[in-house]
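>>> predicted model and sequence follow; I will ask about them next.
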Amino acid sequence: MNQEPLEKEKILEELSKFKNKDLEYSDGRILGSMCTRADPLAKKVFHDFLDANLGDPGLFKGTQFLEEEVINDIGSFLSLEKPFGNVVTGGTEANLMAIRAARNMARKEKDIGNIYSESGYSTPEIIVPRSAHFSFKKAADLLNLKLIEADLDENYHVDVNSVRDNISKNTIAIVGIAGTTELGVIDPIEELSKLAFDNNIYFHVDAAFGGFSIPFLEDFGYKMPKFDFSLEGVSSITVDPHKMGLAPIPSGCILFREKKYLDVMAVKSPYLTSKEQSTIVGTRLGAPAAATWAIMQHMGREGYAKNANECMINTEFLADALFKEDFELIVDPELNIVAFTHPKIPTDDLANMLEERGWMVSVSSYPKAIRIVLMGHIKYTHLIDFLTSIREIKSSLNIR
């Protein structure tokens with residue numbers, strides 16, 4: 001910070017230098033991100049609501065109403081007429097809220113998670129797929145839980161039998177993924193839901209990526225598995241509007257089937273207009289709720305279906321083109337993610353060579369592969385250029 005104030009023009013000039021170092025989604029070179037450029041309308045609304053604080057909602061009743069409308073609208077395409085929840089910063093915070101709700105419910109109903117019980121100290125356990133997002137490791141660390149990773153099947157879906165085998169008297173939650181971060185596959189949510197329901201265990205679905213795709217792809221004839229509140233065992237769902245929902249960052253959502261899950265997390269907030277809070281953070285920016293409401297009204301179901309379908313068209317084109325270039329697909333894409341390797345090119349080397357040519361891909365960890373997320377900012381012309389780079393790399397290595 002300077003001793004003397006700087007002129008606004010000087011500040012903006014300095015900021016532009018830093019902004020120019022950032023990549024732009026519109027360049028089509030960001031290939032490994034689940035986020036994309038926000039719609040211009042959403043950006044404007046975000047700016048207009050920057051002063052709104054949902055941590056003290058009585059002062060911002062209009063913004064509070066918009067948050068409730070967002071949750072209700074998302075519930076409408078997740079088969080729940082009256083959901084309960086909040087607009088939060090993203091999937092990590094949403095998943096943390098879900099697991100906290102599960103932990104607190106277990107404390108209340110099962111005497112799991114208390115420091116001492118009649119049988120002595122017991123550590124609450126959550127069962128997640130090996131493919132689960134790292135946010136569950138954060139949740140386990142913060143909430144003092146034991147994280148158990150269930151095995152995956154040959155197509156990288158969670159193995160239901162492995163989940164079943166890991167259930168114990170200390171299990172407080174089971175997690176399934178509707179659109180895994182690395183491969184975009186959808187776990188057998190229907191089977192997991194029945195397993196959780198039959199064992200009276202809290203079941204959370206992380207649909208941060210798939211939540212704004214799966215319901216709408218069905219409109220274009222895709223056969224998608226059930227993953228939402230139509231399944232009686234589902235207790236909560238994470239959905240990220242700042243991914244396929246086209247809202248600005250940060251905009252994530254957590255939806256609960258029943259209000260009791262929010263109530264069991266509530267703490268007193270006596271000096272605020274709302275006397276209880278269930279969210280992780282206190283002060284909460286209202287701009288994401290307003291911007292998400294605006295883009296959802298602007299897009300409508302038709303717009304989201306078109307966006308999801310266009311992303312899948314590009315996904316299928318890229319997967320087919322890579323196969324023809326003798327690359328090996330890890331799985332047939334279920335959502336708009338393509339993961340691949342080449343038998344003669346080490347994955348890290350390939351990633352480095354692509355980055356040298358300006359392509360920002362990511363590398364999945366299990367299995368190790370080049371991972372490309374086909375978001376809306378990636379156009380057909382970008383993919384043609386990418387495939388040209390792929391062929392150049394093969395040629396430079398004398399691979400036909």
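The structure has been received and is ready for your questions.
>>> and the strands in the stretch 201-350 of the chain?
Secondary structure of the stretch 201-350 of the chain (DSSP state E, counting those that start in this stretch): strands located at 202-206, 236-239, 252-256, 267-268, 276-277, 328-329, 337-341.
>>> tabulate the ones you listed (TSV), appending distance to residue 84.
Glycine gets a C-beta too; all of them are placed from N, C-alpha and C. Shown next, in TSV, are the strands of the stretch 201-350 of the chain (distance: least, C-beta to C-beta, whole Å):
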stretch	distance to residue 84
strand 202-206	14
strand 236-239	9
strand 252-256	5
strand 267-268	17
strand 276-277	13
strand 328-329	40
strand 337-341	30
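>>> which stretches of the stretch 101-250 of the chain form helices?
Remark: helices assigned in the stretch 101-250 of the chain by DSSP state H, counting those that start in this stretch are 135-143, 160-166, 189-198, 214-217.
>>> if you count contacts, what does the last one end up packed against?
In other words, helix 214-217. Counting by 3 or more C-beta pairs under 8 Å, 6 or more residues apart in numbering; DSSP states H and E, the packing neighbours recorded for helix 214-217 are helix 287-324.
>>> and the helix it packs on, how far out from the chain middle?
14 Å (C-alpha atoms, centre = their mean, to the nearest Å).
>>> mind giving me the packing neighbours of it?
helix 40-48, helix 61-76, strand 84-88, helix 214-217, strand 328-329, strand 337-341, helix 380-396.
>>> can you mark which positions in the longest one are buried?
I take that to be helix 380-396. 382, 383, 386, 387, 390, 393, 394 (16 or more other C-beta atoms under 10 Å).
>>> name the nearest residue to the fourth one, ignoring sequence neighbours.
So the one you mean is residue 387. Among residues not flanking residue 387 along the chain, residue 321 sits closest, at 5.5 Å (C-beta to C-beta, 6 or more residues apart in numbering).
>>> now for that neighbour, how many residues are close by?
Each residue near residue 321 was counted by other C-beta atoms under 10 Å, and the total is 16.
>>> distance of it relative to residue 182?
21 Å (C-beta to C-beta, to the nearest Å).
>>> returning to that earlier point: can you add mean pLDDT and distance to residue 252 and give the helices and strands packed on helix 287-324 back as CSV?
Below are the helices and strands packed on helix 287-324 laid out as CSV (pLDDT from 0 to 100; distance: least, C-beta to C-beta, whole Å):
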stretch, mean pLDDT, distance to residue 252
helix 40-48, 97, 15
helix 61-76, 98, 11
strand 84-88, 98, 5
helix 214-217, 98, 17
strand 328-329, 98, 29
strand 337-341, 98, 19
helix 380-396, 98, 27
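>>> quick one: closest of the ones you listed to residue 298.
With C-beta to C-beta as the measure, helix 40-48 is the member of these nearest residue 298 (5.5 Å).
>>> for that closest one, what is the distance to the chain centroid?
With C-alpha atoms, centre = their mean, you get 22 Å for helix 40-48.
>>> one more: stretch 348-359?
On C-alpha atoms, centre = their mean, the centre of stretch 348-359 falls 26 Å from that of its chain.
>>> C-alpha coordinates for that stretch, PDB please?
What follows is stretch 348-359, C-alpha atoms only, in PDB (Å, rounded to 0.1, in the frame of the first residue of the first chain):
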ATOM      1  CA  ASP A 348       3.000 -35.800 -18.200                       C
ATOM      2  CA  ASP A 349       5.100 -35.300 -21.300                       C
ATOM      3  CA  LEU A 350       2.000 -35.000 -23.400                       C
ATOM      4  CA  ALA A 351       0.600 -32.400 -21.000                       C
ATOM      5  CA  ASN A 352       3.800 -30.400 -21.100                       C
ATOM      6  CA  MET A 353       4.000 -30.400 -24.900                       C
ATOM      7  CA  LEU A 354       0.400 -29.300 -25.100                       C
ATOM      8  CA  GLU A 355       1.000 -26.500 -22.600                       C
ATOM      9  CA  GLU A 356       4.100 -25.400 -24.700                       C
ATOM     10  CA  ARG A 357       1.600 -25.000 -27.600                       C
ATOM     11  CA  GLY A 358      -0.700 -22.900 -25.400                       C
ATOM     12  CA  TRP A 359      -3.200 -25.500 -24.400                       C
END
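>>> quick one: mean pLDDT for it?
Stretch 348-359 carries an average pLDDT of 98.
>>> show residues contacting it.
Residues outside stretch 348-359 that contact it (C-beta atoms under 8 Å, 6 or more residues apart in numbering) are 29, 31, 341-342, 361-363, 368, 370, 386, 389-390, 392-393, 396.
>>> buried residues, it. List them.
Here stretch 348-359 shows 350, 351, 353, 354, 359 as buried, counting by 16+ other C-beta under 10 Å.
>>> pick the one among those closest to residue 132.
For those, the nearest to residue 132 is residue 351 (23.1 Å; C-beta to C-beta).
>>> immediately after the helix or strand encompassing that closest one, which helix or strand?
If you go by DSSP states H and E, residue 351 is part of helix 347-356. Using DSSP H and E, the helix or strand that follows helix 347-356 towards the C-terminus is strand 362-365.
>>> tell me which residues are up against that next one.
Contacts for strand 362-365 (C-beta under 8 Å, 6+ apart): 31-33, 182-183, 330, 339, 347-348, 351, 369-371, 373.
>>> cool, and stretch 376-391?
25-26, 28-31, 36-37, 246, 307, 310-311, 314, 317-318, 321-322, 325, 327, 354, 357, 359.
>>> domain map for this protein?
8-38+300-397, 40-297 (the TED database).
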